[in-house]
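Visitor: here are the coordinates; sequence isn't available:
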């Protein structure tokens, strides 16, 4: 389960047996939400948050930070998804300690 980003303590990761649509898991402690990136014609047209079975959603403030981060970096997330799942290229985690 590679960590893609660590943004202000929010951990963004892919799971190894992923499926479409492109999505990313965001965790803080025991809380986690999954975000589906709906991309059409190379544009993010929708971001859907869903619950992981058996796990509580991120808090409202963490969900807001996660959504802002994803909207600002959706293209990097999509590229890392393609690198990891399509091209089988290892990805490196990026730690970000300043608010975007």
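Guide: Noted; the coordinates are in hand. Here the structure is a predicted model, which means the values were calculated and not measured.
Visitor: residue nearest the centroid of the protein?
Guide: Taking C-alpha atoms, centre = their mean as the criterion, residue 24 is the residue nearest the geometric centre of the chain, at 3.1 Å.
Visitor: got the contact list for the strand or helix carrying that residue?
Guide: Applying DSSP states H and E as the criterion places residue 24 in strand 23-28. With contact meaning C-beta atoms under 8 Å, 6 or more residues apart in numbering, strand 23-28 is reached by 4, 9-15, 32-37, 52, 58-59, 62, 66, 70, 77, 81. Quick note: C-beta positions are derived from backbone N, CA and C, even for glycine.
Visitor: direction included, what does that strand pair against?
Guide: When pairing is defined by DSSP bridges, strand 23-28 lines up against strand 10-13 (antiparallel), strand 31-40 (antiparallel).
Visitor: distance between it and the chain's centre?
Guide: Put simply, strand 23-28 sits 5 Å off its chain's centre (C-alpha atoms, centre = their mean, to the nearest Å).
Visitor: number of nearby residues for residue 98?
Guide: As a burial measure, residue 98 scores 6 neighbours (other C-beta atoms under 10 Å).
Visitor: distance check, it against residue 69.
Guide: Counting by C-beta to C-beta, to the nearest Å, the gap from residue 98 to residue 69 is 12 Å.
Visitor: ok, residue 78 next?
Guide: For residue 78, the distance to residue 69 - C-beta to C-beta - is 14 Å.
Visitor: tell me which of the two has more neighbours.
Guide: The residue with more neighbours, out of residue 78 and residue 69 and counting by other C-beta under 10 Å, is residue 69; that gives 22 against 16.
Visitor: in this structure, which spans are strands?
Guide: With DSSP state E as the definition, the chain shows strands at residue ranges 3-7, 10-13, 23-28, 31-40, 43-51, 94-96.
Visitor: show me what the first one packs onto, helices and strands only.
Guide: It refers to strand 3-7. In terms of contact count using 3 or more C-beta pairs under 8 Å, 6 or more residues apart in numbering; DSSP states H and E, strand 3-7 is assigned the packing partners strand 10-13, helix 60-81, strand 94-96.
Visitor: tell me which of these is the most buried.
Guide: The highest mean neighbour count among these belongs to strand 10-13 (a mean of 19), with neighbours defined as mean count of other C-beta atoms under 10 Å.
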